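Undergrad: Generate a structure from the sequence data that follows.
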Amino acid sequence: MNGSLDALLPQLEDSSVLLLSDCAPVSLAFAVGSKGSKELQERAKYFWRQCLRWNITVYSQWIPGDMMLFLCTDKLSRDETFDYHDVRVAE
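TA: Next comes the predicted model:
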């Protein structure tokens, strides 16, 4: 994650970014951190430090999974993967 993040952030310098997720813990981790996962907490802290470095303001918002599909916001994360929780493939 860190390598791809380091390449992306300079391109977003002085920008605002909206992070949409259908996973409430992920949205909350970026907003307030994660006490339940040391690894997620470390990634969130790294993310915020890098955003501060490049003057990037990040807003995180939870949206329902079907809205993620409607907006096509999670298409890249689903390419070549099989997600058992995906409403398109689950019963």
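Undergrad: Going by C-alpha atoms from here, please, whenever you check contacts or count neighbours.
TA: Fine.
Undergrad: Quick check: phi and psi on the nearest residue to residue 12 once chain neighbours are set aside?
TA: The spatial neighbour of residue 12 that comes closest, neighbours along the chain excluded (CA to CA, 6 or more residues apart in numbering), is residue 56 at 6.8 Å. Reported as degrees, to the nearest 10, the phi and psi values for residue 56 are phi -110, psi 130.
Undergrad: Verify the contact between residue 56 and residue 14 for me.
TA: Yes. Under the criterion of CA atoms under 8 Å, residue 56 is in contact with residue 14, at a separation of 5.3 Å.
Undergrad: Look up phi and psi at the nearest residue to residue 21 once chain neighbours are set aside.
TA: Once flanking residues are discounted, residue 21 sits nearest to residue 62: 5.1 Å by CA to CA, 6+ apart. Backbone dihedrals for residue 62, given as degrees, to the nearest 10, come out at phi -80, psi 140.
Undergrad: what's the answer for residue 19, then?
TA: Here the main-chain torsion angles of residue 19 (degrees, to the nearest 10) amount to phi -100, psi 110.
Undergrad: and it, how many residues sit next to it?
TA: The number of residues packed near residue 19 is 14, by other CA atoms under 10 Å.
Undergrad: Check the spacing between it and residue 60 real quick.
TA: Using CA to CA, to the nearest Å, one gets 5 Å for the distance from residue 19 to residue 60.
Undergrad: just residue 34 next, same as before
TA: Taking CA to CA as the measure, residue 34 and residue 60 are separated by 14 Å.
Undergrad: got a list of what the most centrally placed residue in the chain touches?
TA: Nearest to the geometric centre of the chain sits residue 19, at 5.4 Å (CA atoms, centre = their mean). Listed by CA atoms under 8 Å, 6 or more residues apart in numbering, the contact set of residue 19 reads 27, 58-61.
Undergrad: helices and strands of this protein: which one has the lowest mean pLDDT?
TA: Using mean pLDDT, DSSP states H and E, helix 75-78 stands out as the lowest-scoring helix or strand of the chain, at a mean of 60.
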